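Q: This is a predicted model, with the sequence first.
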Amino acid sequence: MTANWQSRLSGLVLVTLFTALAGDLLGVPLLVKVAVPTFFLAAVSLLALIAVKTIRSSEPDMHDPTRTDETK
């Protein structure tokens, strides 16, 4: 699930970046006004998602595979 969200946010970051650049080149201030905050929100969300994924993957495994639980 995380990879799917990462792909979507990466796409959103690229789309909003190109939209902001196109709006600036075309001289459409409303397009830039909408695209720039959306770009920053998507970029921050993507970085947060990557950070959470990194933290979760660096946690030690809670299950000890060499130990066997025997109930008597």
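A: Done, it's in.
Q: and the gap between L31 and A20?
A: The gap separating L31 from A20 is 8 Å, by C-beta to C-beta, to the nearest Å. To be clear about C-beta, it is placed using only N, CA and C from the backbone, and glycine gets the same treatment.
Q: Skip the chain neighbours and tell me the closest residue to the residue nearest the centre of the chain.
A: The centroid of the chain falls nearest to L46 when counting by C-alpha atoms, centre = their mean (2.0 Å). In this structure, L46 finds its nearest non-sequential neighbour in L9, 4.1 Å apart by C-beta to C-beta, 6 or more residues apart in numbering.
Q: if I read this right, that neighbour contacts L49, doesn't it?
A: Yes. Between L9 and L49 there is a contact at 6.5 Å, judged by C-beta atoms under 8 Å.
Q: Those two: which has the busier surroundings?
A: Neighbours were tallied for L9 and for L49 using other C-beta atoms under 10 Å; the higher tally belongs to L9 (20 against 17).
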